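Trainee: how would this look folded up:
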Amino acid sequence: MSVNLTPNAIPAIIAGDLNSKPLVQAMLATQLNDRVRTGRVKKGSVVQLIEYIRSPVQNRKIIVVLNMETIISDCEIIGNPNLFAESDLTACKTLPNSDSLVSARVSSNNHLTSKTLGHNEQNFRPTVQPPYQPLPNYQNRGAIMKNEAPARIIPIAALNPYQGRWAIKARVTAKGDLRRYNNARGDGKVFSFDLLDSDGGEIRVTCFNAVVDRFYDAIEVGKVYLISKGSLKPAQQNFNHLKNEWEIFLEITSTVDPCPDEDGSIPKQQFSFRPISDIETVDNNSILDVIGIVISVNPSVPILRKNGMETQRRILNLKDRSGRSVELTLWGEFCNREGQKLQEMIDSGIFPVLAVKAGKVNDFSGKSIGTISATQLFINPEFPEAHGLRDWFDRGGKNVASLSISREVMAGGPKNEIRKTVSQIKDEGLGRSDKPDWVTVRSTISFIKTDTFCYTACPLMIGDRQCNKKVTRSANMRWQCDRCNQEFEECDYRYLLQAQIQDLTGLTWVTAFQESGEEILGCSAKDLYLLKYEEQNDERFAEIIRTRLFNQFLFRLKIKEELYGDEQRVKITVVKADKVNYSSESRYMLDMISKFSR
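Mentor: Below is the predicted model:
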């Protein structure tokens, strides 16, 4: 196949006012790297450079390719290409057609060459970074030292560690929380924020310690900033979901200046929405964007983290026109902000559109999505995708059954909970392995033991935890804890509830402690204790117990075999007891019917 390369393309590209020694190398911007990985660009490929910039690096001139097209992916090498020398500029001719693209050959992994074999007559003009124009405050001041002038603004996609001075103009699309850490070098603090520029390039910026003090309060989501004098390091892909192999680290000498976005050229946000059906094949811990109709929202519940700190969790379900639905878990402040608003909308019969930016995929027992610090939620956004989804839902999508990709998970319920019947607990030998089994059972309470429904507990704190050891009355009528070796006027009252639950397949005994005991009986252990033992109102006590029998709950159970004396017994503990939400339960049953009918 004949190949027409643009005559003198390489000399024309690097010609300019750059004062560096001769060497011609080219590198691809981040967004083009996949073309090399997929073989679309390789040694011998003929490409058209649509957009590029020249960048001086020490004694070299680097061509950073921002956009290009592959004309021929694999072609024999023409002649013996040589590196272009700056001295050759005097013998160069200008491009024969100013309206043509620059056509060049990839002669090695990072070199471009051209040969005078004619040119491609295309009605496009190459977009080249314009010569540096000083900012207004540097005009009419006479001679300027090289290091005094501000760095030129370049696209985020053109950033690379080989550059010296640079500046980017971009909008903050997300700002992470201020986090504190401790390692071998001592205590520290860190926060990050994400940037988006007018060319669609994205990059994360991270600040540590003293730099946090300088920039944390100055950075606002949605504002546009001119940023320079930072350093580039490889992005930590485990924590950075942006499509950029680099990350900016700001320093004390860095500058972050707010600037107007007069022409509105920088978008507010950038999304890459994936259909819910695609999430089934996505790797665990992947970060993605998704948009769907909220079809159910669960109440927010407190969760104790491994570090002993308490946070909030709220579960909701999304569906889209792909015929699938997925569980979304909101954590922390998301529960009280967007989560509460969504709850109120669902309760009033409104099914809102929700766009999720940077949700994290979890593949435990089916696929689900969870929020992270970088996640953003948009309720009924003004996006074309949102309008299309709303139109589909209102025109009949509301009545279309969707199959949950969180198949083994209770629809609308807490995540990581597998549905079982009471008989399956015994038949499948649950709890007899090294680790406990966690299941969800829909059943009713048929009997509650009332002689030992709670105990008196020590209220003192041991570190960041309450003692909770059983206490007894001393001779002076004060409460005494043998563990803490202290006495006090008031004790705590904690549930130790023994109950029998049953469904259509059988019955079993369970134990419910403080929080789950309150969920079952609807009052505190202290109130019930005082009613029975202080007021001795047996009739009222019995009435409360009676009203809780034969109510249907969704029980989250922890099942584990434990040693009692010389005997191994399976202990079933109620971790959570929710009254059945019949609307969510109906959707769960429809999902199960759809699953088994396919």
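Trainee: Quickly run through the sheet partners of the helix or strand hosting residue 446, with directions.
Mentor: Here residue 446 sits within strand 437-448, counting by DSSP states H and E. Paired neighbours of strand 437-448 in the sheet (DSSP bridges): strand 418-419 (parallel), strand 497-503 (antiparallel), strand 552-564 (antiparallel).
Trainee: show me where the chain has helices.
Mentor: 9-14, 33-37, 210-215, 276-279, 333-334, 340-347, 384-394, 422-427, 514-521, 525-529, 538-548, 582-597 (DSSP state H).
Trainee: looking at those helices, which is buried most?
Mentor: Mean neighbours per residue, mean count of other CB atoms under 10 Å, is largest over the helices of the chain for helix 9-14, with a mean of 23. Heads up, the C-betas are built off the backbone N, CA and C, glycines and all.
Trainee: just checking, which of the strands paired with strand 437-448 sits deepest inside the structure?
Mentor: Among the strands paired with strand 437-448, ranked by average contacts under mean count of other CB under 10 Å, first place goes to strand 497-503 (a mean of 20).
Trainee: quick one: it to helix 514-521, angle?
Mentor: 60 degrees (axes from the mean of the first three to the mean of the last three CA atoms, to 10 degrees).
Trainee: and strand 497-503, what's its mean pLDDT?
Mentor: Strand 497-503 shows a mean pLDDT of 94.
Trainee: Okay, angle between that strand and helix 538-548 too, please.
Mentor: Using the same axes, to 10 degrees: strand 497-503 against helix 538-548 is 30 degrees.
Trainee: Tell me the bridge partners for the closest residue to residue 393 other than its chain neighbours.
Mentor: The shortest distance from residue 393 to any non-neighbouring residue, by CB to CB, 6 or more residues apart in numbering, is to residue 293 (5.1 Å). Counting by DSSP bridges, residue 293 forms beta bridges with residue 319, residue 353.
Trainee: tell me the contacts of residue 293?
Mentor: Residue 293 makes contact with 318-320, 351-354, 389-390, 393, 397-398 under the criterion CB atoms under 8 Å, 6 or more residues apart in numbering.
Trainee: before we move on, back to that, for the strand holding residue 446, list every residue counted as buried.
Mentor: Neighbour-count burial for strand 437-448 flags 437-443, 445, 448 (criterion: 16 or more other CB atoms under 10 Å).
Trainee: Alpha carbons only: can I get it in CSV?
Mentor: The C-alpha trace of strand 437-448 is given here as CSV (Å, rounded to 0.1, in the frame of the first residue of the first chain):
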residue,chain,number,x,y,z
ASP,A,437,-22.5,-17.9,58.8
TRP,A,438,-24.6,-14.8,58.3
VAL,A,439,-28.1,-15.2,57.0
THR,A,440,-31.4,-13.5,56.8
VAL,A,441,-34.6,-15.3,57.8
ARG,A,442,-38.2,-14.0,57.5
SER,A,443,-40.1,-15.4,60.4
THR,A,444,-42.4,-14.7,63.4
ILE,A,445,-41.7,-14.7,67.1
SER,A,446,-43.7,-17.5,68.7
PHE,A,447,-42.4,-17.4,72.3
ILE,A,448,-40.3,-15.1,74.5
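Trainee: quick one: average pLDDT of that strand?
Mentor: The pLDDT scores in strand 437-448 average 91.
Trainee: That strand versus helix 582-597: what angle between them?
Mentor: In terms of direction (the same axes, to 10 degrees), strand 437-448 departs from helix 582-597 by 130 degrees.
Trainee: Tell me the pLDDT of the residue of the chain positioned farthest from its centre.
Mentor: In terms of distance from the mean C-alpha position of the chain, residue 475 ranks first, at 57.8 Å (CA atoms, centre = their mean). On pLDDT, residue 475 comes in at 83.
Trainee: Could you report the separation of it from residue 455?
Mentor: 21 Å (CB to CB, to the nearest Å).
Trainee: Same question for residue 536.
Mentor: 19 Å.
Trainee: higher neighbour count, the two?
Mentor: Neighbours were counted for residue 536 and for residue 455 using other CB atoms under 10 Å; residue 455 has more, 17 against 9.
Trainee: how far away is that one from residue 64?
Mentor: Note on residue 455: its distance to residue 64, by CB to CB, is 71 Å.
Trainee: Tell me how the protein divides into domains.
Mentor: The chain breaks down by automatic domain parsing into domains covering 9-128, 149-258, 276-404, 418-453+496-590.
Trainee: Let me have these in CSV, adding distance to residue 481 as columns.
Mentor: CSV is the format used below for the domains of the chain (distance: least, CB to CB, whole Å):
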stretch, distance to residue 481
domain 9-128, 61
domain 149-258, 32
domain 276-404, 21
domain 418-453+496-590, 17
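Trainee: right, and those domains - which one's nearest residue 462?
Mentor: Residue 462 sits nearest to domain 276-404 of all those, at 11.5 Å, using CB to CB.
Trainee: If you rank every helix and strand of the chain by mean pLDDT, what lands last?
Mentor: Least confident helix or strand, the chain: strand 127-128 with a mean of 39, by mean pLDDT, DSSP states H and E.
Trainee: hang on, the earlier thing: of the strands paired with strand 437-448, which approaches residue 575 most closely?
Mentor: strand 552-564 (4.6 Å).
Trainee: Contact partners for the residue nearest to residue 208 when sequence neighbours are not counted?
Mentor: Of all residues not flanking residue 208 in the chain, residue 190 sits nearest, at 5.2 Å (CB to CB, 6+ apart). Going by CB under 8 Å, 6+ apart, residue 190 touches 178-179, 181, 206-209, 212.
Trainee: Just give the number of residues close to residue 395.
Mentor: 8.
Trainee: Please name the nearest non-neighbouring residue to residue 374.
Mentor: Spatial nearest neighbour of residue 374, chain neighbours left out: residue 358 (4.7 Å); criterion: CB to CB, 6+ apart.
Trainee: thinking again about what came up before, for the residue farthest from the centre of the chain, phi and psi?
Mentor: Dihedral pair for residue 475: phi -60, psi -30, per degrees, to the nearest 10.
Trainee: So which of the contacts of residue 293 is surrounded by the most neighbours?
Mentor: residue 319 (26 neighbours).
Trainee: ok, it - contacts?
Mentor: Residue 319 neighbours (CB under 8 Å, 6+ apart): 276, 292-293, 295, 325-326, 397, 402.
Trainee: cutoff 6 Å now
Mentor: 292-293, 295, 325, 402 (CB atoms under 6 Å, 6 or more residues apart in numbering).
Trainee: residues contacting residue 457?
Mentor: If you count contacts by CB under 6 Å, 6+ apart, residue 457 has them with 468, 492, 494.
Trainee: quick one: which of these sit in strands?
Mentor: Counted as lying in strands by DSSP state E, out of those, are 492, 494.
Trainee: The closest residue to residue 467 other than its chain neighbours: neighbouring residues, count only.
Mentor: Once flanking residues are discounted, residue 467 sits nearest to residue 458: 4.0 Å by CB to CB, 6+ apart. Using other CB under 10 Å, residue 458 is surrounded by 23 other residues.
Trainee: For residue 458, give its distance to residue 491.
Mentor: With the distance defined as CB to CB, residue 458 ends up 7 Å from residue 491.
Trainee: what's the overlap in contacts for these two?
Mentor: Common neighbours of residue 458 and residue 491 are listed as residue 471 (criterion: CB under 6 Å, 6+ apart).
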